[in-house]
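Enquirer: structure for this input, please:
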Amino acid sequence: MSSGGGGCSIRAIWILNSLDAVVFSRRFPVVEKRWRTACRSENEKVTENSLSYSVFSLFPSDSELAAAFVERKRREGSARGFGVRVSQSSVGSDSWVDDPITRHIIGLYINKEEEGDSNLLWPLILHIKGNYCILVLPLVEPRHVKAYARLCQRSDCGNAVGADESLSSLLLDLPSITGAFMVAHAIGDIVAGDVVEPEVLVSASPSVGGLLDSLTGSIGISGISSRAKPVAAPVASSIPSSTAVTGAVAVDAPKIGSRPLDKDALRTFISSSMPFGTPLDLSYSNISAIKVNGFSSSDLPPADLKQPAWKPYLYKGKQRILFTIHETVHAAMYDRDEIPDNISVSGQINCRAELEGLPDVSFPLTGLNAAHVEVLSFHPCAQVSEHGADKQAVMFSPPLGNFILLRYQASCGHGPPIKGFYQLSMVSEDKGAFLFKLRLMEGYKSPLTMEFCTVSMPFPRRRVVSFDGTPSIGTVSTTEHSVEWKIVSGGRGLSGKSIEATFPGTVNFAPWQTQRLPSSRSFLGSIADEDSDVETENSNNMVNMEEFIMEKMINDLPPVDLEEPFCWQAYNYAKVSFKIAGASLSGMSVDPKSVSIYPAVKAPAEFSTQVTSGDYILWNTLGKCPSAAAEKV
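Expert: Numbering: from 1, shown residues only. As a prediction, the model looks like this:
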């Protein structure tokens, strides 16, 4: 991803490991000099009516920053913090501001006796990736830091509509925050080894050779120049996994066992991508290619054209342009009258332009009306005119290699690809009876094809011993903590018709063991110990045995951990994983025949689609479930 300066400058970057020690830091003296100059000017304006302390102008050492980060974790309950004001919050803390964004944009109080109380370091972008916490400090004006300090001292909670000061309105005035997030994510991908290029599907045979083959592990860009092909380690594929999730909730907590930090790679990337603290090009592939190959006189563009930063080398070879629409479907299916089902589509158009020179590519993006697009954002290389009722004209100067041309949020025009219900009832402490009744691809016509579909019943806190039941279609297997139902497997795609799939059965667990794991990070408090005599009396008077069993199991559960706010083990759900090919589900489309290139050149345009499931959840109809309150119009 590329990023222009856009007024964004970075003062410093820190990377902390799981032991809260700074393992890498980088400061930008040029930006810091601008900050100190602004501080001197601001502190001269201090009056009795302004904030009592002046702005913190000195730079913390690595040890001081690490100590402040540890103190904040202790005060806020975790690295991210509460995000909302709770009973444990203290005046001056991030959670006192009472805004969830403070889990990602934090402030640290540096112990500096010579500066008195003026020790707030803000805004720090916090990005947790693998085993590391990445902190990025962008340059803002001192008055913005003072405004945040006032928010940390106010008596009221939340952000009232129309209020003079709120964190949201403050951040909207700071475009450097967006740039700092991009820097943090780019660095996170490098330290975690997740540097991949977006996937572009092709029907033709892949070309051979090219500059970025070994960097991306994708299709070659043949003959960019006559220099030797760089030697670099291939990176992991960006293709989403087709396996079903076994119920473990993804969290942002650091994970043990991450690969060691490559400080040389970080230094090279930072020096090249953000010289003097100004982000110019955050594409790791571009930076790596430039480092390996350098430049020669044969790489010069035509004299009348300016070569953009996102295309450091000119392509030479057989010409073509490829587009792939990749959509991810998210759904929460309840099968309840009082809670509406929710389904949404996150999409992106990936592109690869194997075109010589510096051409401009244009095409009309169709399907905007059918897709009910809510969000539409473009790569910096694109120029977008006013769109009509159902078309959006797009013109862009393509970068080198695979890139994301645009992202969007839309509705699912075809309706849910899998709908139905899931029911689970505990008939005893160690046995549950379940029932699935699903309909797949209802209303979906060819060329839409479901290549695979798997349903997983996760039981993260119970060990599955056995199950009994036969589905109407597909095969079933078990893991230690889940039951996996493969409805449609590879090679037997479902196209042009819908099917109904049912699966009644029972699942047996290992004997339940009471788990009381106190969590100091939980702000929900601990669950009170039960009195066995009262419990027995209640069970004798309980008419509904199932209610008693569920109540007992819920009471035995430990309090929810703050880093997993939605991981309530009292909730039961099934997760659906699938892949659909043939067309987009939103209705977004690119007509290859309408793609034009200037200067004109004979280059075939190819278009493909891929739809995969994201968090596609079937909540237990007979149990508890989380839902968002609908807005009253």
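Enquirer: helices and strands around the one helix or strand residue 349 maps to, which ones?
Expert: Using DSSP states H and E, residue 349 sits in strand 342-354. Helices and strands touching strand 342-354, by 3 or more Cβ pairs under 8 Å, 6 or more residues apart in numbering; DSSP states H and E, are strand 320-333, strand 402-410. Placement of C-beta: from N, CA and C, glycine included.
Enquirer: try it again with 10 Å
Expert: strand 320-333, strand 360-366, strand 375-378, strand 391-396, strand 402-410, strand 589-590, strand 605-619 (3 or more Cβ pairs under 10 Å, 6 or more residues apart in numbering; DSSP states H and E).
Enquirer: in that strand, what counts as buried?
Expert: Neighbour-count burial for strand 342-354 flags 343, 344, 345, 346, 347, 348, 349, 350, 351, 352, 353, 354 (criterion: 16 or more other Cβ atoms under 10 Å).
Enquirer: name the next helix or strand downstream of the lowest-mean-pLDDT helix or strand in the chain, please.
Expert: Using mean pLDDT, DSSP states H and E, helix 213-216 stands out as the lowest-scoring helix or strand of the chain, at a mean of 34. Using DSSP H and E, the next helix or strand after helix 213-216 towards the C-terminus is helix 263-273.
Enquirer: got the contact list for that following helix?
Expert: 2-3, 10, 13, 15, 23-24, 26, 28, 183, 186-187, 190-191, 195, 262, 277, 279-284, 286-288, 290-291, 309 (Cβ atoms under 10 Å, 6 or more residues apart in numbering).
Enquirer: distance between it and the chain's centre?
Expert: 24 Å (Cα atoms, centre = their mean, to the nearest Å).
Enquirer: domain parsing for this structure?
Expert: 10-45+52-192, 320-415+585-619, 418-511+567-578 (the TED database).
Enquirer: how deep is residue 21 tucked in, by neighbour count?
Expert: For residue 21, the count of nearby residues is 13 (other Cβ atoms under 10 Å).
Enquirer: give me the beta-bridge partners of residue 456?
Expert: residue 484, residue 575 (DSSP bridges).
Enquirer: any idea how far it lies from residue 481?
Expert: 10 Å (Cβ to Cβ, to the nearest Å).
Enquirer: so between the two, which is more surrounded?
Expert: Using other Cβ under 10 Å as the criterion, residue 456 and residue 481 rank with residue 456 on top: 20 against 17.
Enquirer: what about the strands in the stretch 351-500 of the chain?
Expert: Using DSSP state E, counting those that start in this stretch, the strands found in the stretch 351-500 of the chain span residues 360-366, 375-378, 382-384, 391-396, 402-410, 418-428, 431-440, 449-458, 464-468, 475-479, 482-488, 494-495, 499-509.
Enquirer: quick one: closest of those to residue 617.
Expert: With Cβ to Cβ as the measure, strand 418-428 is the member of the strands of the stretch 351-500 of the chain nearest residue 617 (9.4 Å).
Enquirer: buried set for the closest one?
Expert: For strand 418-428, by 16+ other Cβ under 10 Å, it's 418, 419, 420, 421, 422, 423, 424, 425, 426.
Enquirer: which elements pack onto it?
Expert: Partner elements for strand 418-428 (3+ Cβ pairs under 10 Å, 6+ apart): strand 320-333, strand 431-440, strand 449-458, strand 499-509, helix 545-555, strand 573-581, strand 605-619.
Enquirer: who wins for proximity to residue 295 among the ones you listed?
Expert: Between the helices and strands packed on strand 418-428, strand 320-333 lies closest to residue 295; by Cβ to Cβ that is 25.1 Å.
Enquirer: got the angle between that closest one and strand 605-619?
Expert: 10 degrees (axes from the mean of the first three to the mean of the last three Cα atoms, to 10 degrees).
Enquirer: tell me what angle strand 320-333 forms with strand 402-410.
Expert: Using the same axes, to 10 degrees, strand 320-333 lies at 40 degrees relative to strand 402-410.
Enquirer: check the offset of strand 320-333 from the chain's centre.
Expert: The answer for strand 320-333 is 15 Å, by Cα atoms, centre = their mean.
Enquirer: tilt between it and strand 342-354?
Expert: 170 degrees.
Enquirer: ok, strand 320-333: who's next to it in the sheet?
Expert: strand 342-354 (antiparallel), strand 605-619 (parallel).
Enquirer: turn those into TSV, including mean pLDDT and distance to residue 462.
Expert: Shown next, in TSV, are those (pLDDT from 0 to 100; distance: least, Cβ to Cβ, whole Å):
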stretch	mean pLDDT	distance to residue 462
strand 342-354	93	27
strand 605-619	93	18
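Enquirer: quick check: residue 92 touching residue 122?
Expert: No: Residue 92 lies out of contact with residue 122 (Cβ atoms under 10 Å); the separation is 11.4 Å.
Enquirer: mind listing the shared neighbours of these two?
Expert: 107, 109, 149, 152.
Enquirer: which one of the helices and strands packed on strand 418-428 lies closest to residue 410?
Expert: strand 320-333 (8.2 Å).
Enquirer: which of residue 92 and residue 122 has more neighbours?
Expert: In terms of neighbours (other Cβ under 10 Å), residue 122 is the more surrounded of residue 92 and residue 122; the figures are 20 against 15.
Enquirer: who's in contact with the more buried one?
Expert: By Cβ under 10 Å, 6+ apart, the residues touching residue 122 are 56, 94, 105-109, 137, 140, 144-149, 152.
Enquirer: same question, residue 474
Expert: Applying Cβ under 10 Å, 6+ apart, the residues near residue 474 are 453, 454, 455, 484, 485, 486, 487, 488, 489, 492, 501, 503.
Enquirer: from these, which would you call buried?
Expert: Using 16+ other Cβ under 10 Å, the buried members of those are 453, 454, 455, 484, 485, 486, 487, 488, 501, 503.
Enquirer: so how far is residue 410 from the residue lying closest to the third one once chain neighbours are set aside?
Expert: Nearest residue to residue 455, sequence neighbours excluded (Cβ to Cβ, 6 or more residues apart in numbering): residue 485, at 4.4 Å. Residue 485 sits 29 Å away from residue 410, taking Cβ to Cβ as the criterion.
Enquirer: kindly report the same for residue 595.
Expert: Counting by Cβ to Cβ, the gap from residue 595 to residue 410 is 22 Å.
Enquirer: who's more crowded, those two?
Expert: Between residue 595 and residue 410, counting by other Cβ under 10 Å, residue 410 is the more crowded of the two (24 against 18).
Enquirer: what's opposite that one in the beta bridge?
Expert: residue 345.
Enquirer: which residues touch it?
Expert: Neighbours of residue 410 in contact, by Cβ under 10 Å, 6+ apart: 327, 344-347, 367-368, 370-376, 584-588.
Enquirer: please redo it, this time with the cut-off set to 7 Å
Expert: Neighbouring residues of residue 410 by Cβ atoms under 7 Å, 6 or more residues apart in numbering: 345, 347, 371, 372, 373, 374, 586, 588.
Enquirer: over to residue 433?
Expert: 425, 427, 506.
Enquirer: got any ranges where the stretch 51-200 of the chain has weak pLDDT?
Expert: 51-54, 112-118, 158-164 (pLDDT under 70).
Enquirer: which stretches in it count as strands?
Expert: Going by DSSP E, counting those that start in this stretch, the stretch 51-200 of the chain shows strands at 105-109, 120-129, 132-138.
Enquirer: returning to that earlier point: could you redo the domains of the chain as JSON lines and give each row distance to residue 625?
Expert: Formatted as JSON lines, the domains of the chain follow (distance: least, Cβ to Cβ, whole Å):
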{"stretch": "domain 10-45+52-192", "distance to residue 625": "21"}
{"stretch": "domain 320-415+585-619", "distance to residue 625": "4"}
{"stretch": "domain 418-511+567-578", "distance to residue 625": "6"}
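Enquirer: hmm, who's touching the biggest helix by length in the chain?
Expert: Looking across the chain with DSSP state H, the single longest helix is helix 175-192. By Cβ under 7 Å, 6+ apart, the residues outside helix 175-192 that reach it are 1, 3, 6-10, 13, 15, 105, 123, 125, 127, 129-130, 132, 134, 136, 138-140, 171, 195, 258, 261, 265-266, 269, 274, 279, 282, 284.
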